[in-house]
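A.B. asks: This is a predicted model, with the sequence first.
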Amino acid sequence: MSVDLEKIVSLWRDIASPDYWEDILNHRNFVSLEERYIQTGMRGSNYEAGGVIAIGQNPRRSNNDNTIAGDSELFGVTKEFSKLGTTAAFWNMCNFRKRFMEGSATGRAWAPYKRLIEPIGLNLSSIAYLNLIPLATYRDTLTPKRLCENAFARSILRQVEELRPSKIIFFGQKPYELFHEWYPDTNIRDEFISNIRSQSSYDRQLAYRRIREFLST
């Protein structure tokens, strides 16, 4: 079952546009786009309706020396897509994000990819990856809640409705809870995997197994 690529490209372009977020970005808790550009998420080249979406919380404000060059290039291809709005620019953005996450674009894999996506057996070419909101916030907190819910409704809610997944994996309990609070009528099967950095190796393997079993049913 295919998704409507024309609608996907049009929606993603809305989300990648600074004008789309002007009212929200006026609030002091949202990081300026000069420092951290809009993170639209990605659709894998083989993703189809009925597939799996992975959802994180929101982009982190902080960069480090190992990723700042890749971040800068990622912001560049996203801005280019916002300007051009073409299918080619959309795939260029998504493909760069995939390489960024896997580490081939920067020489270092994105931490959640190594810690979460790879161990549960997800292939970035076959899934979509989104953030609960596509804007960075100071202290990495989703406040003020009213504006964050507004950002959710403008972005990921519309993206999920267009992508029509059969399953969602949330990276963290907080985005899982807020997704259900802000989208109470959802009937999409979902699970979350908590922050595993503080867990023992045994507990991490149990968490990975639980998610793999969920994905296989």
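C.D. replies: Yep, that arrived. Residues are numbered from 1 along each chain as shown.
A.B. asks: Spatially central residue in this structure, please.
C.D. replies: By CA atoms, centre = their mean, the chain has its centre lying nearest to L130, at 2.2 Å.
A.B. asks: what's in contact with the lowest-mean-pLDDT helix or strand in the chain?
C.D. replies: In the chain, no helix or strand scores lower on mean pLDDT, DSSP states H and E than helix 111-112, which sits at a mean of 80. Contact partners of helix 111-112, identified using CB atoms under 8 Å, 6 or more residues apart in numbering, comprise G56, M101, F171. C-beta here means a position set from N, CA and C on the backbone, and glycine is covered the same way.
A.B. asks: ok, then the element right after it?
C.D. replies: Counting by DSSP states H and E, the next helix or strand C-terminal to helix 111-112 is strand 128-131.
A.B. asks: what's the burial count for the nearest residue to the residue nearest to the centre of the chain once chain neighbours are set aside?
C.D. replies: Sequence neighbours aside, G41 is the residue nearest to L130 in space, at 3.8 Å (criterion: CB to CB, 6 or more residues apart in numbering). Neighbour count of G41, defined by other CB atoms under 10 Å: 23.
A.B. asks: how about the helices in this structure?
C.D. replies: When assigned using DSSP state H, the helices of the chain occupy the ranges 5-16, 22-25, 68-84, 87-102, 111-112, 145-154, 156-163, 173-182, 201-216.
A.B. asks: Dump those helices to TSV, plus distance to E191 and mean neighbour count.
C.D. replies: Listed next are those as TSV, based on distance: least, CB to CB, whole Å; neighbours: other CB atoms under 10 Å:
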stretch	distance to E191	mean neighbour count
helix 5-16	25	18
helix 22-25	29	14
helix 68-84	28	17
helix 87-102	20	19
helix 111-112	16	13
helix 145-154	19	18
helix 156-163	15	19
helix 173-182	8	17
helix 201-216	5	13
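A.B. asks: Least confident of those helices, on average?
C.D. replies: The stretch with the lowest mean pLDDT among those is helix 111-112, at a mean of 80.
A.B. asks: Provide the contact partners of stretch 84-96 at residue level.
C.D. replies: 5, 8-10, 12-13, 16, 40, 42-45, 73-74, 77-78, 80-81, 105.
A.B. asks: what do you get if the cut-off is 7 Å, keeping everything else the same?
C.D. replies: 5, 9, 12-13, 42-43, 73-74, 77-78, 80-81, 105 (CB atoms under 7 Å, 6 or more residues apart in numbering).
A.B. asks: just stretch 135-148 next, same as before
C.D. replies: By CB under 7 Å, 6+ apart, the list of residues contacting stretch 135-148 reads 21, 24, 27, 29-31, 36, 38, 57-61, 133, 151, 178.
A.B. asks: which of the residues you listed has the most neighbours?
C.D. replies: Ranking these using other CB under 10 Å puts I133 first, with 28 neighbours.
A.B. asks: pretty sure that residue is touching R154, no?
C.D. replies: No - contact criterion CB atoms under 7 Å: I133 and R154 do not qualify, at 8.8 Å.
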